[in-house]
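Enquirer: I'll drop the sequence and a predicted model, then ask my questions.
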Number of protein chains: 2
Amino acid sequence: MASGATLRARPAPRRIGKQTVQFENPPAIIATGTVVGPLEGKGPLGHLFDHVTKDELLGQKSFERAEQMMLQNAAYTALNKAGLTPEDMDYMLSGDLLNQLITSSFSALAVGVPVFGLYGACATSTEGLGLGAMLLDGGFANHVMVATASHNRTAERQYRYPNEYGFQRKPHAQRTATAAGAAILAQSGEGPRVTLATTGKVVDRGIKDPYNVGAAMAPAAASTILTHLQDTGRRPQDYDLIATGDLALYGHRLLVELGRTEGGIDLEPVLDDCGLMLYGQDQEVGAGASGAGCSAAVTFASILKDMRDGRYKRVLVAATGALHSPCSFQQGEYIPTICHAVSLEV
Amino acid sequence: MASGATLRARPAPRRIGKQTVQFENPPAIIATGTVVGPLEGKGPLGHLFDHVTKDELLGQKSFERAEQMMLQNAAYTALNKAGLTPEDMDYMLSGDLLNQLITSSFSALAVGVPVFGLYGACATSTEGLGLGAMLLDGGFANHVMVATASHNRTAERQYRYPNEYGFQRKPHAQRTATAAGAAILAQSGEGPRVTLATTGKVVDRGIKDPYNVGAAMAPAAASTILTHLQDTGRRPQDYDLIATGDLALYGHRLLVELGRTEGGIDLEPVLDDCGLMLYGQDQEVGAGASGAGCSAAVTFASILKDMRDGRYKRVLVAATGALHSPCSFQQGEYIPTICHAVSLEV
């Protein structure tokens, strides 16, 4: 074995700081596709999504199949917009919330692109954007598709109870969004570019309540955002928007507090959360939205549009994930959480 | 949106063929750590693993915790051998079989390294080696840890029945190995190098029997291996060993047949399978081993040693994964499968 001293001699050229890489030729997000369920379609962003489904079953025999249809539809919508075919895609980076990522696997089967299965729970969108940008900037791909989805009916019955049980939800609970998003990253082309990626560490601050994932994930968001600012020398106000996804109401407030107490900075003026953007205040969804598809759909349909329209020049998307399983919860374990961030710039 | 024609103008420099990338500075596997359970320790490779546990609970309160202990132990063993600390690791790429990857998430929490969660079922080891090599060769990291594990007691009760039920197993069923493996890849240093990575597509040939995953995965192995040979212009005999993991007895035979019928080549002289190497013929484990930890432990402890000892100069490791979930099986879906391959050379 070579000694550590020898190995440290040659630093990786694209690394800055502890957890961040800077892209030499920042890949562009050249096209996206988004599909959401009926409730999400009635929300304030409803008009921005490519497709709003009439119901949550989509004529399929199971909600799981419906979720797969949504992800495939998002993928093909993005391909159509870019004028590309699956054969043009070098890789698909895909993950979802369901056990063994069946949504992603069956969708990758249908799309027919070499696939890396990712798991980052609701942080999958930025895990995929960060890794995808590395594959492009590293010279391993011309086009990469990043795709993720969640479905209220499949996730709720896997993690909690089927909706049909009418289980009464706590006010701080979030609603798993029925949403799918796909983005195509390219070495060349037009669109907001992924300039930096900060990869998260797993964080656990002793939260056990799976109905309170916003609070569990806020410390992970604080860790990754503060590390990102430290690594890059940027300040919160260097961003037009820092969008977490999906802390919802209580996690969002907690993150503002953690920014002040742990980082000595005020995130509030630029901070928003995908889980707060997806639904309207009149929609009775508890503290807001969650689900892997939430940050993907909101980022791909709304935030990127605002960037193309010139409203935002520089956005940090910091998607957050709660990595527990029903098994780990039942065994009394704390909820491990993560946040991956990417800087998008026009 | 830019037109497809513009986008195709600039090919990715490291791509060869349809699904393969060639590394410019092939990363070295500078150290590994492996931990296996008692049955695996009694097998023909038992003396090669770093640690053999006395039982499958390791003094923990749950088998899930025991699996996490094994993965952490494998990770720290690899770090110790390399003379490195977690702070030296830029990324951990980790996945496992358990729902929501709790083994990997809790282990990444303990090790404290920025982590990309991967899901490739029993193909996780080569999914991680391929992606990890890209992060290094692309200039995004100096050191990457690839880690994966499986545990007989946790996987069997999640996918099938708890062992205590005494469920009678079919002769073509494979035994989920209790095994964990971690490997450290570095830009510089000594060790077998990852020279090529062929990323798999999801394959489904209509197998529904979750006790027959070897047969389900064999077509994925054939697809990736044949594509690899086509992409690289190599022949089977250019490899000293092509090691699948883990097709076991029946999947292995089927792959030999598929090589002949679909590729017109004879893989048999160089083909072996991690699922056939782990246990002895006297160990009554059905058709052989399976589990994400199987190909990792066999590759990291045995194949890499044979490479360092000069027995093998060039090995293709083609780990295979069955991507179904108990839910997709119960819903009558076919088993989607995948195979990711990496070429290792000294």
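Expert: Perfect, thanks for sending it. Numbers count the residues shown, from 1 in each chain, chains lettered A, B, ... in the order given.
Enquirer: CA atoms for contacts and neighbours, from now on please.
Expert: OK.
Enquirer: pretty sure residue A:313 sits against residue A:345.
Expert: Yes. Taking C-alpha atoms under 8 Å as the definition, residue A:313 is a contact partner of residue A:345 at 5.7 Å.
Enquirer: overlap in contacts, those two.
Expert: Shared contacts of residue A:313 and residue A:345 (C-alpha atoms under 8 Å, 6 or more residues apart in numbering or on different chains): residue A:307.
Enquirer: quick one, which of the two is more surrounded?
Expert: Each of residue A:313 and residue A:345 has its neighbours counted (other C-alpha atoms under 10 Å in any protein chain shown); residue A:345 has more, 21 against 17.
Enquirer: quick check: that one vs chain B, distance?
Expert: Distance, residue A:345 to chain B, using C-alpha to the nearest C-alpha, to the nearest Å: 16 Å.
Enquirer: go on, residue A:73?
Expert: Distance from residue A:73 to chain B, by C-alpha to the nearest C-alpha: 18 Å.
Enquirer: do you know the pLDDT at that residue?
Expert: For residue A:73, the pLDDT comes out at 98.
Enquirer: and residue A:10, by the same measure?
Expert: With respect to pLDDT, residue A:10 scores 63.
Enquirer: before we move on, what about residue A:55?
Expert: Value listed for residue A:55 in the pLDDT field: 98.
Enquirer: for chain A, give me the ranges with low pLDDT.
Expert: For chain A, the stretches with pLDDT under 70 are A:1-10.
Enquirer: quick one: the helices in the stretch 1-150 of chain A?
Expert: Using DSSP state H, counting those that start in this stretch, the helices of the stretch 1-150 of chain A run over residues A:4-7, A:38-41, A:63-82, A:102-111, A:124-137.
Enquirer: most neighbours per residue, which of the ones you listed?
Expert: Comparing those on average neighbours per residue, with mean count of other C-alpha atoms under 10 Å in any protein chain shown, the densest one is helix A:124-137 at a mean of 28.
Enquirer: tell me the residues of the stretch 151-300 of chain A that contact chain B?
Expert: A:186-191, A:199-204 (C-alpha under 8 Å from any C-alpha of the partner chain).
Enquirer: restricted to helices, list those.
Expert: Among those, no member falls in helices (DSSP state H).
Enquirer: show me just the buried residues among the residues you listed.
Expert: A:186-191, A:199-204 (16 or more other C-alpha atoms under 10 Å in any protein chain shown).
Enquirer: tell me the contacts of residue A:228?
Expert: Applying C-alpha under 8 Å, 6+ apart to residue A:228 gives the contacts A:19-20, A:198, A:341.
Enquirer: same check, this time on residue A:183
Expert: A:29-33, A:75, A:78, A:145-147, A:300.
Enquirer: beta partners for it?
Expert: Following DSSP bridges, residue A:183 is listed with bridge partners residue A:32, residue A:146.
Enquirer: can you redo the helices of the stretch 1-150 of chain A as TSV with distance to residue B:275?
Expert: Output for the helices of the stretch 1-150 of chain A, formatted as TSV (distance: least, C-alpha to C-alpha, whole Å):
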stretch	distance to residue B:275
helix A:4-7	34
helix A:38-41	46
helix A:63-82	31
helix A:102-111	23
helix A:124-137	30
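Enquirer: nearest to residue B:119, out of these?
Expert: Residue B:119 lies closest to helix A:102-111 among the helices of the stretch 1-150 of chain A, at 9.8 Å (C-alpha to C-alpha).
Enquirer: what is the orientation angle of the closest one with helix A:63-82?
Expert: Inter-element angle recorded for helix A:102-111 and helix A:63-82: 50 degrees (by axes from the mean of the first three to the mean of the last three C-alpha atoms, to 10 degrees).
Enquirer: tell me which other helices or strands helix A:102-111 touches.
Expert: helix A:63-82, strand A:91-96, strand A:115-117, strand A:143-150 (3 or more C-alpha pairs under 8 Å, 6 or more residues apart in numbering or on different chains; DSSP states H and E).
Enquirer: tell me the strands beside the third one, with direction?
Expert: Strand pairing for strand A:115-117, using DSSP bridges, gives strand A:91-96 (parallel).
Enquirer: neighbouring contacts of the strand it pairs with?
Expert: A:101-104, A:108, A:113-122, A:124, A:128, A:132, A:141, A:143-150, A:292-293.
Enquirer: got the angle for it vs helix A:124-137?
Expert: Going by the same axes, to 10 degrees, strand A:91-96 makes 170 degrees with helix A:124-137.
Enquirer: please save the CA atoms from whatever helix or strand residue A:180 lives in in CSV.
Expert: Element membership of residue A:180, judged by DSSP states H and E, is strand A:179-186. Extracted in CSV, the C-alpha atoms of strand A:179-186 (Å, rounded to 0.1, in the frame of the first residue of the first chain):
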residue,chain,number,x,y,z
ALA,A,179,-44.8,14.4,-8.8
ALA,A,180,-42.1,13.3,-11.3
GLY,A,181,-39.3,15.3,-12.8
ALA,A,182,-36.6,14.6,-15.4
ALA,A,183,-33.8,16.9,-16.5
ILE,A,184,-31.3,16.5,-19.3
LEU,A,185,-27.8,17.8,-18.6
ALA,A,186,-25.5,18.4,-21.5
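Enquirer: just give me how far it sits from the chain centre.
Expert: Taking C-alpha atoms, centre = their mean, to the nearest Å, one finds strand A:179-186 lying 11 Å from the centre of the chain it belongs to.
Enquirer: again with stretch A:117-133
Expert: In terms of C-alpha atoms, centre = their mean, the centre of stretch A:117-133 is found 7 Å from the chain centre.
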